[in-house]
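Peer 1: show me how the following folds:
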Amino acid sequence: MTEHIDISSEAAPTAPVVVKRDRSWNLLRGLAGIAGVVLLVSVSVVSFGLALLAPVGMVVARAIARREKTPLTYGTSWLGAAFGVCFALIIVAAVMIARLPTGTIAKIGKTADSVSTASSSKPPPAWIDRISPGASARARATSSKQTAAMTRGFTIFSTVFGAVLLYSVLSMLIGTAGWAPSLLLTYAFTGRWLPDVRST
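Peer 2: Okay, here's the model as predicted:
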């Protein structure tokens with residue numbers, strides 16, 4: 001007696017599934033690319049080319065994330081863009097300081113000292129001498145050197161603090177202005193808003 005094997009129940013080989021991208025999806029990528037180019041060129045003109053350092057910083061952030069084997073997030077890519085612009089601003093400031101005429105910084109220091117000396121030379125109230133004769137002269141002699149030193153230190157601190165604050169704000173503003181168009185360009189070329197760090 002022969003055994004009958006029914007092969008009709010066996011699963012037939014399936015053809016590979018081909019995912020076709022919709023035309024609207026390709027159109028969206030094209031529009032994103034055009035918008036990214038227009039915005040990046042516009043902010044680069046306004047920022048004198050500093051916004052072009054934003055995508056460079058994003059590439060560096062991607063390389064660091066790939067080396068550390070961590071996912072690239074919107075926050076880390078934005079920080080990369082901001083730091084890229086900040087690095088460019090530091091170079092611009094260093095070049096501007098190097099191109100200053102000789103003695104400019106010394107003149108600024110002398111001006112600050114003269115202002116502090118003029119303010120410290122203001123005569124104290126007359127009632128101090130009536131209470132303690134000679135107190136105003138002694139106070140003026142001891143406070144002149146301290147006032148000059150304190151004023152110079154405060155001037156240096158306020159200058160450094162103001163420069164750091166200004167550079168931070170400019171880095172965030174220009175970095176954001178260059179970061180947003182870079183996301184559009186990334187989406188236009190790769191189909192992702194952020195590149196995959198696992199890709200080669």
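
Peer 1: contacts, neighbours, all on C-alpha from now
Peer 2: Will do.

Peer 1: from memory Pro71 sits against Ile64, does it?
Peer 2: No. The pair Pro71 / Ile64 is not scored as a contact, 10.0 Å apart, by CA atoms under 8 Å.

Peer 1: where does pLDDT dip in the chain?
Peer 2: Residues of the chain that meet the criterion pLDDT under 70 lie in 1-22, 109, 112-151, 196-200.

Peer 1: which residues in it form strands?
Peer 2: According to DSSP state E, the chain carries no segments that qualify as strands.

Peer 1: helices along that one, start to end?
Peer 2: 23-46, 53-68, 74-98, 104-120, 126-131, 135-190 (DSSP state H).

Peer 1: buried deepest among those helices, which one?
Peer 2: Comparing those by mean neighbour count (mean count of other CA atoms under 10 Å), helix 53-68 ranks first with a mean of 20.

Peer 1: residues touching that one, excluding its own?
Peer 2: 71-72, 76-85, 88, 174-176, 178-179, 182, 195, 197-198 (CA atoms under 8 Å, 6 or more residues apart in numbering).

Peer 1: next one: phi and psi at Gly191?
Peer 2: Gly191 adopts backbone torsions of phi 80, psi 10, taken as degrees, to the nearest 10.

Peer 1: ignore what I typed, I meant Arg192.
Peer 2: phi -120, psi 150.
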